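*Asks:* Quick one: sequence and predicted model below, then my questions.
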Amino acid sequence: LILPPTTAAAVVSVPHREGGMASATVNMFRQVGNTLGASITGTIITSGLASRLPAELVQHGVAPGLAAHVARAVSNGSASDPPPGLEHTILASAGDAFTGTLHVAVLVPGIASGLAALATVAFIRSRPHITDAQDNPERTGQGQVL
């Protein structure tokens, strides 16, 4: 929903002959943003889940020492069999930790999008009305095209 207006705003804000360059620049930043966005969001989720899980386990009634052990096993991917009777508690704690982490992971791109929108409003200018003769001097013989 936001890409067509962004491209249009960039293309309209430059002279007609530079429209291709503006469009290419928007596409380049879009590709870089997609790559960085996925990487940053993945890092936030991974590190947030690992840091929130011990506290969630303790909050669900698991002893702090056991909570640290379980969280370490989950973070390393080395969990074999959970301690007896704690399967539901571990799943509930992991779900709560994931939910809290996901809120942060969604908030960060939201804030970045808001800042990008502000930058667009601040720096993209309207293109002045240009007559066909001004934009294409070769049609009127008023200039030489290089």
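*Replies:* Yep, that arrived.

*Asks:* Which stretches in this structure count as strands?
*Replies:* Ranges of strands in the chain, per DSSP state E: none exist.

*Asks:* Closest to the centroid, which residue in it?
*Replies:* Using Cα atoms, centre = their mean, the residue of the chain that lies closest to the mean C-alpha position is G37, 3.5 Å off.

*Asks:* so who does that one touch?
*Replies:* Counting by Cβ atoms under 8 Å, 6 or more residues apart in numbering, G37 makes contact with P109, A112. From N, CA and C alone the C-beta is placed, and that goes for glycine too.

*Asks:* Tell me how far it lies from A116.
*Replies:* Using Cβ to Cβ, to the nearest Å, G37 is found at 11 Å from A116.

*Asks:* Quick one: neighbours of A24, just the number.
*Replies:* Neighbours of A24 under the rule other Cβ atoms under 10 Å: 11.

*Asks:* quick one: the helices in the protein?
*Replies:* With DSSP state H, the ranges of helices along the chain come out as 3-12, 19-59, 64-76, 87-123, 132-135, 137-140.

*Asks:* Give me the distance between the second one and the centre of its chain.
*Replies:* It refers to helix 19-59. 5 Å (Cα atoms, centre = their mean, to the nearest Å).

*Asks:* pLDDT of it, averaged?
*Replies:* The average pLDDT within helix 19-59 is 91.

*Asks:* Please apply the same query to stretch 94-112.
*Replies:* 92.

*Asks:* quick one: contacts of that stretch?
*Replies:* Against stretch 94-112 from outside (Cβ under 8 Å, 6+ apart): 37, 40-41, 44-45, 48-49, 52-53, 55-56, 59-60, 74.

*Asks:* Check which residues of it are buried.
*Replies:* By neighbour count on 16 or more other Cβ atoms under 10 Å, the buried set for stretch 94-112 is A94, D96, A97, F98, G100, T101, A105.

*Asks:* Closest one to R17 out of those residues, please.
*Replies:* Closest approach to R17 among the buried residues of stretch 94-112 (Cβ to Cβ): A105, at 41.8 Å.

*Asks:* ok, for that closest one, nearest residue in space, not its chain neighbours?
*Replies:* Nearest residue to A105, sequence neighbours excluded (Cβ to Cβ, 6 or more residues apart in numbering): I44, at 4.4 Å.
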